[in-house]
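Asker: I need the structure of the sequence given here:
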Amino acid sequence: MFKNIIIFDLDGTTIDSTHRQATKPDGTLDLQSWFKNATPEKIAQDKVLPLGRMVSKLSKKAYTMICTARTLSDADYEFILANGLKVNKIISRPKGDMTPDAELKSQQLGELFSKPQFRNRNAIMFDDAKSVRSAIRKLGIATLDPDKINKRFSQ
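Answerer: Below you'll find the predicted structure:
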């Protein structure tokens, strides 16, 4: 197993799915609207961001994972595979779970990194949500905002 682990969020990090997003008046993601917009047709319209194009290259040098707050459907997995987001592991939101993103990802990654094969590994996570980055840092995992990378390599 690789010594280094790289974790990628999907939406806003490796994939642009803004055409499917709706927010509540307080600016948070409207999960009910998100679930309604998670149709195969709309998922197929998502676009891979520059960091997403680097995922499969990095998987040759490190253990790579996707950790997303999406509840993944067959259409999501098809999109991931068709667009070269080759990773060793995918962690996603269980169906019906409404836990806030930062809490959900912190729980899921906390469980994973408590297992012997994941302890004492160098890990870094790319996530566009400040609340997620803050929660994940508390687990001892370095986090980076993907915005600068995606802006620098877009075009």
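Asker: pull the CA atoms of the least confident helix or strand in the chain by mean pLDDT into PDB?
Answerer: Least confident element among the helices and strands of the chain, by mean pLDDT, DSSP states H and E: helix 31-36 (a mean of 80). Extracted C-alpha coordinates of helix 31-36, given in PDB (Å, rounded to 0.1, in the frame of the first residue of the first chain):
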ATOM      1  CA  LEU A  31     -30.200  19.000  -0.100                       C
ATOM      2  CA  GLN A  32     -33.800  18.300  -1.100                       C
ATOM      3  CA  SER A  33     -33.300  20.300  -4.300                       C
ATOM      4  CA  TRP A  34     -29.900  18.600  -4.800                       C
ATOM      5  CA  PHE A  35     -31.500  15.100  -4.600                       C
ATOM      6  CA  LYS A  36     -34.200  16.200  -7.100                       C
END
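Asker: show me what counts as buried in that helix.
Answerer: Of the residues in helix 31-36, 31, 34 count as buried by neighbour count, 16 or more other C-beta atoms under 10 Å. No exception for glycine: its C-beta is placed from N, CA and C like everyone else's.
Asker: how about stretch 89-103?
Answerer: Buried residues in stretch 89-103, counting neighbours by 16+ other C-beta under 10 Å, are found at 90-93, 100-102.
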